[in-house]
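Engineer: For reference, the sequence and a predicted model appear below.
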Amino acid sequence: MAKILLVEDDLSIVRFLSAFLAEEGFEVESASGQQSALERLALDRYDLVLLDISLADGNGFAVCSAVKKEYETPVIFLTASGDEFSVVTGLDLGADDYINKPFRPRELVSRIRSVLRRSRRGSPLLDLGALRVDPEKAIVTKKGQEIFLSALEYRLLLVFLNNKGLVLSRSRLLEEIWDIAGEFVNDNTLTVYIKRLREKIEDDPQNPAMIKTVRGIGYRAEDGK
């Protein structure tokens, strides 16, 4: 049974998530602030930390930094701060995922299990053609040169990497990335971000070799040749 530390100062969210995650087979303990979270982490071992940015004392960024430095425990930010700066800051500190409030409980459970699977495999590097992604450091390189992606472009690339060879519908992609940009993610926005991602990672964006269009269905990630 995976043990989760929920760092959250909203008691209604703590009560709801503790009960819901327990039903899903997780053991949950909670802390309301930065200091109490660090005290719990020093006393016990956790498989994952669910972490809000705004806390009763201190902030989630400081907790995430300490967790990654001292324990290397996976972290998922769970917060109402959905702006891109907060997302990038969290990823730069080593956060493994990021989901906004209000969230869908089933999606959160899916994200938790995905992060736990990756952490148990030792957070391996992910490859796609000439691309290499280090999920632990949120660094993307192509032929050894770092590529700088926006938070949404990075999330989109991770979705493709984690489903390499599978056809992903546009609705599935929207489902995966909705929480970063919220209501601003629509079908047209998705087209724009796929275009931007291709421009950054493909040798010839007009004839993509890694993120291919499957006409009438969606997209498929392949190792470009």
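Structural biologist: Thanks, I have it. Everything numeric here is computed off the predicted structure, so don't read it as measured data. Numbers count the residues shown, from 1 in each chain.
Engineer: what's around the nearest residue to residue 203 once chain neighbours are set aside, how many residues?
Structural biologist: The shortest distance from residue 203 to any residue other than its chain neighbours is 6.9 Å, reached at residue 209 (Cβ to Cβ, 6 or more residues apart in numbering). Yep, even glycine has a C-beta here, placed from its N, CA and C like the rest. Neighbourhood size, residue 209 [other Cβ atoms under 10 Å]: 16.
Engineer: Which element, helix or strand, includes residue 209?
Structural biologist: Under DSSP states H and E, no helix or strand contains residue 209.
Engineer: So residue 60 is in contact with residue 52, correct?
Structural biologist: Yes. In this structure, residue 60 is within contact of residue 52 by Cβ atoms under 8 Å, at 5.5 Å.
Engineer: Need the overlap of contacts for the two.
Structural biologist: 7, 77, 79 (Cβ atoms under 8 Å, 6 or more residues apart in numbering).
Engineer: ok, residue 60 and residue 52, which is more surrounded?
Structural biologist: More crowded of residue 60 and residue 52, by other Cβ under 10 Å: residue 60, with 28 against 25.
Engineer: mind listing what the more buried one touches?
Structural biologist: By Cβ under 8 Å, 6+ apart, the neighbours of residue 60 are 7, 34, 51, 52, 53, 54, 77, 79, 90.
Engineer: Which ones among these lie within strands?
Structural biologist: Among these, DSSP state E puts 7, 51, 77, 79 in strands.
Engineer: So the first one sits against residue 31, correct?
Structural biologist: Yes. Counting by Cβ under 8 Å, residue 7 sits close enough to residue 31 to count as a contact (5.1 Å).
Engineer: neighbour-wise, which of those two wins?
Structural biologist: With neighbours defined as other Cβ under 10 Å, residue 7 and residue 31 compare such that residue 7 has more, 31 against 23.
Engineer: center of the chain - which residue?
Structural biologist: A centroid search over the chain (Cα atoms, centre = their mean) returns residue 97, at 2.3 Å, as the residue closest to the centre.
Engineer: Surely that residue touches residue 79?
Structural biologist: No. Contact criterion Cβ under 8 Å: residue 97 and residue 79 do not qualify, at 11.7 Å.
Engineer: and for residue 7 and residue 31, which residues touch both?
Structural biologist: The contact sets of residue 7 and residue 31 overlap at residue 37 (Cβ under 8 Å, 6+ apart).
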